[in-house]
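>>> sequence and predicted structure, then a few things I'm wondering about:
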Amino acid sequence: MNGSPRGLYAVTPDALADNPSRLLAACAAALVGGAVLLQYRDKRSAPARREQNAIALLALCRAHGGRLIINDDAALAARIGADGAHLGASDGSLSEARARLGPQALIGASCGDSLARAETAIVAGASYVAFGRYFASNTKPDAPPASLATLTAARSRLVVPLCAIGGITPDNGALLITAGADWLAAVDGLFGDGEPAGIESRARAYCALFVAS
């Protein structure tokens, strides 16, 4: 599984991107709470700020044993030496990202509810695939829903790690693990109001689901 065990995949919310100190404190809490992957997702900061934040988050991941994935920007991931990149359906070429980042990088692809898209992504260079949204999502409220049947089918047919995303909380995540998810991606369900104590507690609750599965 490319060196990352099953578990919590923390995805940063836009609300924290404008405040680097809050962003770092929140992400440190998620990592201390047990997140195995951290995705820096920032749709609104200027390029210079994004790079500064990404460099700081990479150092944080190194200190806490996590791995940093950059959302939608393989070039930034390559510049700072991040562990990988995650690309949406219209966010660049997976094969080019693989060539840029090398064979050991974690490269993820958003696949919605499509097993065929996941299979195509793997051929193009994805090392994991993400399905969702599974529940109502504040981050992407208009994203079409995904089926548990797709996740189950992917588990039986694909050999790469599977990530589930979309409105996942410690209260509903066990269902997705049972269906085959290796990683539960969480944005608002984890980071909530941005307070470190709450984030660490929620991270531990997500991680407990994998221990129980």
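Ah, there it is.

>>> who's in contact with S127?
When contacts are counted by CB atoms under 8 Å, 6 or more residues apart in numbering, S127 is found next to N2, G84, A105, L106, I107, G108, V160, P161. Using the backbone N, CA and C atoms, a C-beta is placed for each residue, glycine as well.

>>> now A153
A153 makes contact with L115 under the criterion CB under 8 Å, 6+ apart.

>>> helix or strand for it, which one?
Applying DSSP states H and E as the criterion places A153 in helix 148-157.

>>> ok, A109 next?
Counting by DSSP H and E, the element that carries A109 is strand 106-110.

>>> distance-wise, check the residue in the chain sticking out farthest from the centre relative to L60.
What lies farthest from the middle of the chain is A48; by CA atoms, centre = their mean that is 22.3 Å. Here the distance between A48 and L60 works out to 19 Å (CB to CB, to the nearest Å).

>>> next SSE downstream of the helix or strand bottoming out on mean pLDDT in the chain?
Least confident element among the helices and strands of the chain, by mean pLDDT, DSSP states H and E: helix 14-17 (a mean of 90). Toward the C-terminus, helix 14-17 is succeeded by helix 20-32 as the next helix or strand (DSSP H and E).

>>> alpha carbons only: can I get that following helix in PDB?
The C-alpha atoms that make up helix 20-32 are tabulated as PDB, following Å, rounded to 0.1, in the frame of the first residue of the first chain:
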ATOM      1  CA  PRO A  20      -1.000  29.500   8.400                       C
ATOM      2  CA  SER A  21      -0.600  29.200  12.200                       C
ATOM      3  CA  ARG A  22      -4.100  27.900  12.600                       C
ATOM      4  CA  LEU A  23      -3.600  25.600   9.600                       C
ATOM      5  CA  LEU A  24      -0.400  24.100  11.100                       C
ATOM      6  CA  ALA A  25      -2.000  23.700  14.500                       C
ATOM      7  CA  ALA A  26      -5.000  22.000  13.100                       C
ATOM      8  CA  CYS A  27      -3.000  19.600  10.900                       C
ATOM      9  CA  ALA A  28      -0.600  18.800  13.800                       C
ATOM     10  CA  ALA A  29      -3.700  17.800  15.900                       C
ATOM     11  CA  ALA A  30      -4.900  15.600  13.100                       C
ATOM     12  CA  LEU A  31      -1.500  13.900  12.800                       C
ATOM     13  CA  VAL A  32      -1.200  13.400  16.500                       C
END
